[in-house]
Every structure is written in structure tokens, then in C-alpha cells.
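> 3D, please:
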Amino acid sequence: MFIVENVITERCNLNCSYCYMKNNPTDMTIDTFKLIINNLNKILKYYQHNTYHLDFFGGEPLLNFDLIE
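Presented below is the predicted three-dimensional model:
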């Protein structure tokens, strides 16, 4: 299974001392996400996979909920 890990946002509403993300106010755009989804079949073919798992990752992905929705 191919894992597609998407960094939805680097923003976070916490202030953890150990965090390496540093609360960078960067969000993935909907256009970028659509580009990934629209080319997913090509990516799977290139890596010789036929199934995938879509992950949402980042600071706090739900801070960019419009994209997830």
C-alpha cells in the first residue's frame, strides 16, 4: 500500500516546547491538493502500487479544515 502524506498546514494552536514545526503559518492550498489527487493514478503507476492510504499531517491539520473537507 502506498501512503500519501499531506502536510495540510504547519500552523498549530499549541505551544509545545519539544515541537520542531515552530508554528509556521503555512497552509497547503486547495489547488496543490487537487494537483496531488488528480495525479494520484500516475504516482501509483510509477511506484507500481494499486492501493493508497491518504494521511493528513502537519502542525494541527484541522486548522486547515476547508481543505480536508
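> Other residues contacting whichever helix in the chain runs longest?
Assignment by DSSP state H gives helix 30-38 as the longest helix of the chain. Residues external to helix 30-38 that are found in contact with it (C-beta atoms under 8 Å, 6 or more residues apart in numbering): 4, 6, 66-67. (Each C-beta comes from the backbone N, C-alpha and C, glycine too.)
> Quick check: helices, which of these are part of them?
Under the assignment DSSP H, the contacts of helix 30-38 contribute 66-67 to helices.
> Show me which of the contacts of helix 30-38 are buried.
For the contacts of helix 30-38, a neighbour count by 16 or more other C-beta atoms under 10 Å gives the buried set as 6, 67.
> just to revisit the earlier point, mind giving me the packing neighbours of the very next helix or strand once past the longest helix of the chain?
The C-terminal neighbour of helix 30-38 among helices and strands, as given by DSSP states H and E, is helix 40-46. For helix 40-46, the packing partners by 3 or more C-beta pairs under 8 Å, 6 or more residues apart in numbering; DSSP states H and E come out as strand 2-9.
> let's see 6 Å
For helix 40-46, there is no helix or strand it packs on, judged by 3 or more C-beta pairs under 6 Å, 6 or more residues apart in numbering; DSSP states H and E.
> Give the rounded mean pLDDT of that helix.
Helix 40-46 shows a mean pLDDT of 94.
> What of stretch 3-22?
In this model, stretch 3-22 has a mean pLDDT of 86.
> returning to that earlier point: of the contacts of helix 30-38, closest to Asp27?
Leu67 (7.3 Å; C-beta to C-beta).
> Identify the residues contacting that closest one.
Applying C-beta atoms under 6 Å, 6 or more residues apart in numbering, we find Leu67 in contact with 8, 30, 33.
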